[in-house]
Every structure is written in C-alpha cells, then in structure tokens.
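A.B. asks: Sequence unavailable; structure follows:
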C-alpha cells in the first residue's frame, strides 16, 4: 500500500476544500481502488501519477492517449512508447496512413527530443496522433526528470540528517 498523509480534518459545517485538477498525491479512495497494482514500484512519484491517471481516465477527464504514464507497462509513457503495443492504426498513433506502416519513436532523454518517423517512407506522419505522442512524451520526460530530482534531493537530505 502506498503511504499517504493523514487527510485534513474538516468541521461538519465547513465547505469541503476543492481539489486541484492535478493533485500531486492520490486520495485514499484512489489508492484503495488503483494502488495495489503499483505498490511494488520503487518510484513513488510514478506510482502516484499512475494512480491519479487511472482515476482521471475512469472519470473520463483524460483519454488514454493523454496519459504521461502507461498502465500496461507501469512506466512513464516515453519509456515504453516504442513498444509494438502502442501502435494503433485506427487512431493513427505510431502509424503512417499513406504507407500503411508502423512509425518508430525515438526519445532522447538528454536533449528531451522526441522523433516519430515512418518505417517505410522515413517521413514524420503529420497527424494529430503524432503531435499527441510528441506532447505526451515530452510531458512524461519532464515528470520523470522531476521524479528523479526529488528522489536525489530526498536521499541527500536523509544522508545529511544521518
């Protein structure tokens, strides 16, 4: 089970606080519903993001294509976008319609570049799906980078306190 801070106590007559559209931690209810699947992940930020996106997708607040995580591979989207499972000819994701061929995706974590290229014509499919992949991978890269930065900072803080 993922660790959660105790929820704030609310007086019976006071209005409930509004949740932000992108909370940083899942609610206790979301953890109970989706968290068991991700309890073994070392990256707690990834686990929390997976839970939040599972809940948002279930509430139809985002589509599966807008996620920065992959619930199938339990990874950041940019880490598994090259999987054949992410080729979806119907929607055009990782697909070149004129060639009727798979498009490959290359993600460079150093430069944070994302390149989508048809395996036949060697051109980038100029589609909404390709633009979606690029946006999603860039957001996934940024989230993964922030997660690593926070982990290193927490480790440094822990070792300085010891």
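C.D. replies: Looks like it came in fine. These numbers come from a predicted model, not from an experiment.
A.B. asks: Against which helices or strands is whichever strand in the chain runs longest packed?
C.D. replies: Counting residues, the longest strand found in the chain (DSSP state E) is strand 101-108. When contacts are defined as 3 or more CB pairs under 8 Å, 6 or more residues apart in numbering; DSSP states H and E, strand 101-108 sits against strand 95-96, strand 113-118, helix 128-161. C-beta coordinates here come from the backbone N, C-alpha and C atoms, glycine included.
A.B. asks: among the ones you listed, which is the most enclosed?
C.D. replies: Stretch with highest mean neighbour count among the helices and strands packed on strand 101-108: strand 95-96 (a mean of 22; mean count of other CB atoms under 10 Å).
A.B. asks: if we can go back for a sec, between the helices and strands packed on strand 101-108, which one is nearest to residue 51?
C.D. replies: helix 128-161 (13.8 Å; CB to CB).
A.B. asks: and the angle for the closest one with strand 113-118?
C.D. replies: Relative orientation of helix 128-161 and strand 113-118, computed by axes from the mean of the first three to the mean of the last three CA atoms, to 10 degrees: 150 degrees.
A.B. asks: what's the angle from helix 128-161 to strand 101-108?
C.D. replies: Per the same axes, to 10 degrees, the angle that helix 128-161 makes with strand 101-108 is 30 degrees.
A.B. asks: pLDDT averaged over helix 128-161, what's the number?
C.D. replies: Taken as a whole, helix 128-161 has an average pLDDT of 91.
A.B. asks: any idea how far stretch 68-80 is from the chain center?
C.D. replies: In terms of CA atoms, centre = their mean, to the nearest Å, the centre of stretch 68-80 is found 6 Å from the chain centre.
A.B. asks: Please report the separation between the first and final residues of that stretch.
C.D. replies: Distance across stretch 68-80, first residue to last, is 11 Å (CA to CA, to the nearest Å).
A.B. asks: ok so, going back, return the set of buried residues in the longest strand of the chain.
C.D. replies: By 16 or more other CB atoms under 10 Å, the buried positions in strand 101-108 come out as 101-103, 105, 107.
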